[in-house]
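1. Build me a structure from this.
(4 chains)
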2 protein chains.
Amino acid sequence: MTHETKPSERRRNKTRQDILDAAHAMIVERGVEGLSLRAVSDQLDYSPAALYRHFGSKDELVDAIRAQCFERLNTAIFQRVASANGAVEQLLAGGLAYIDFARQYPIDFHLMFHFAPSASTQAENRQTAMRALLFLVRGGIESGVFVTTETYNEDAITLHCWATVHGIAILQTTVARDEPGATVTTIETILRKVIAGFTAAS
Amino acid sequence: MTHETKPSERRRNKTRQDILDAAHAMIVERGVEGLSLRAVSDQLDYSPAALYRHFGSKDELVDAIRAQCFERLNTAIFQRVASANGAVEQLLAGGLAYIDFARQYPIDFHLMFHFAPSASTQAENRQTAMRALLFLVRGGIESGVFVTTETYNEDAITLHCWATVHGIAILQTTVARDEPGATVTTIETILRKVIAGFTAAS
DNA sequence: ATTCAAATGTGAGCAGTGTACACTTTTTGA
DNA sequence: TCAAAAAGTGTACACTGCTCACATTTGAAT
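-> Now for the predicted structure:
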């Protein structure tokens, strides 16, 4: 079931991934600004020009790394959501997974929301995450667990959830990680509070 | 009351501000990455090396621009808060001012949370905003308008407010400005909902 | 008014960057 | 086996941030 790829194609993908890995490691180590194509090519025993057989430009390379980070985030969220039961717990699990990712890979997280002029793949990836969240919210509404009003409707709830989670995540990466009250229990309290704001009384 | 400055000092400050303005305009126009010291010096009829009499490095220049953006944000918030009455309305006004700023100056806002390795002034400025927010929250608590619990205490509320507002603001700058449900009324609804979560029943 | 030092601005140049292009080498498929 | 396609190289260009010895201007004390 390995999707029948020709060996040449697999080799190509491998070197492509090697480049991505080396560049990613360099970003994690020295920041986005510290990424140098020459350093990457040196480390891989390539000539600088060789990288341009795989990526049209530096921005394209970084975009590809960004895309892989988004994939990792999305699967991390998906796994945590899948192992939770009920709309409330699933939404909470998704939010915590998001925040944990930011905490665990702050540089990656920062990179992901570091939009370049040519922000194409980025928008797509974010839409994926957005749709997943919207799916959770919609499910909760349809099952009657979440309630809406005219002004606080489905879109508003989705925005609210995303903003809260993203805000906490960003603050964890930029501000000192141990800001007063940024403990895991505090974060869970906040998220539960938000969710409770649109959960039907039992 | 003009703080008695020598003319030489004023001239120095003026050229310094000229450099800051030119660089800032260039960032707004072409993004942070598009900022070139040579282009700035060209525009001001200076030699490239001249800028180094005013700023030790490019990072220092950008940091100074960042600091001025923070100042603008802080005063914008302060004004709006000052023209509101009561803890609830003041907190709401501050949040809306924050979000409006991000909406109005997305590139500036993005720049402000674009931390470089040497993030010194940044931390200070953010602490200022944080303290202002904390001040509002604390005032509301002491006047009995806001209520706390053991887990949802002062720090938690502060974090919650900041994260929500910052999250909405960031999403407004990165994602398309007209995301479904990101209207002004929706945003106000969300903020009121959050504030209601720690407001004493009347 | 003279003088001397500090401040300000300059020109040349270094090391490093992303990138283009003609070139060679390797791999592939008929 | 052989030509075409793919992969990799070396050189070079324009650009970057930045340094430093030097020229110019300014400020103030003599």
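2. tally of neighbours for residue A:60?
-> 15 (other CB atoms under 10 Å in any protein chain shown). The C-beta positions use only the backbone N, C-alpha and C, and glycine is treated the same way.
3. and it, which of the three is it?
-> With DSSP: H, G, I helix; E, B strand; the rest coil as the basis, residue A:60 sits in helix.
4. List the buried residues in stretch A:133-145.
-> By neighbour count on 16 or more other CB atoms under 10 Å in any protein chain shown, the buried set for stretch A:133-145 is A:133, A:134, A:136, A:137, A:138, A:140, A:141, A:145.
5. from these, which is closest to DNA strand C?
-> residue A:133 (33.7 Å; CB to the nearest atom of the strand).
6. Now name the helix or strand holding residue A:89.
-> Element membership of residue A:89 [criterion: DSSP states H and E] is helix A:87-104.
7. Give me the contact list for that helix.
-> A:72-73, A:76-77, A:79-81, A:83-84, A:108-109, A:132-133, A:136-137, A:139-140, A:143, A:145-146, A:161, A:164-166, A:168-170, A:172-173, A:177, A:187-188, A:191-192, A:195, A:199 (CB atoms under 8 Å, 6 or more residues apart in numbering or on different chains).
8. Next secondary structure after the lowest-mean-pLDDT helix or strand in chain A?
-> Sorting the helices and strands of chain A by mean pLDDT, DSSP states H and E puts helix A:121-142 at the bottom, at a mean of 84. Downstream of helix A:121-142, the first helix or strand assigned by DSSP H and E is helix A:154-174.
9. For that next one, C-alpha coordinates in PDB please.
-> In PDB, the C-alpha atoms belonging to helix A:154-174 read as follows (Å, rounded to 0.1, in the frame of the first residue of the first chain):
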ATOM      1  CA  GLU A 154     -21.800  29.300  15.100                       C
ATOM      2  CA  ASP A 155     -19.200  31.600  13.500                       C
ATOM      3  CA  ALA A 156     -18.800  33.700  16.600                       C
ATOM      4  CA  ILE A 157     -18.200  30.600  18.700                       C
ATOM      5  CA  THR A 158     -15.700  29.300  16.300                       C
ATOM      6  CA  LEU A 159     -13.900  32.600  16.200                       C
ATOM      7  CA  HIS A 160     -14.000  32.800  20.000                       C
ATOM      8  CA  CYS A 161     -12.500  29.400  20.500                       C
ATOM      9  CA  TRP A 162      -9.800  29.900  18.000                       C
ATOM     10  CA  ALA A 163      -8.800  33.300  19.300                       C
ATOM     11  CA  THR A 164      -8.700  32.200  22.900                       C
ATOM     12  CA  VAL A 165      -6.600  29.100  22.100                       C
ATOM     13  CA  HIS A 166      -4.300  30.900  19.700                       C
ATOM     14  CA  GLY A 167      -3.900  33.800  22.000                       C
ATOM     15  CA  ILE A 168      -2.900  31.700  24.900                       C
ATOM     16  CA  ALA A 169      -0.500  29.700  22.600                       C
ATOM     17  CA  ILE A 170       1.100  32.900  21.200                       C
ATOM     18  CA  LEU A 171       1.500  34.400  24.600                       C
ATOM     19  CA  GLN A 172       3.200  31.200  25.800                       C
ATOM     20  CA  THR A 173       5.800  31.500  23.100                       C
ATOM     21  CA  THR A 174       6.500  35.200  23.200                       C
END
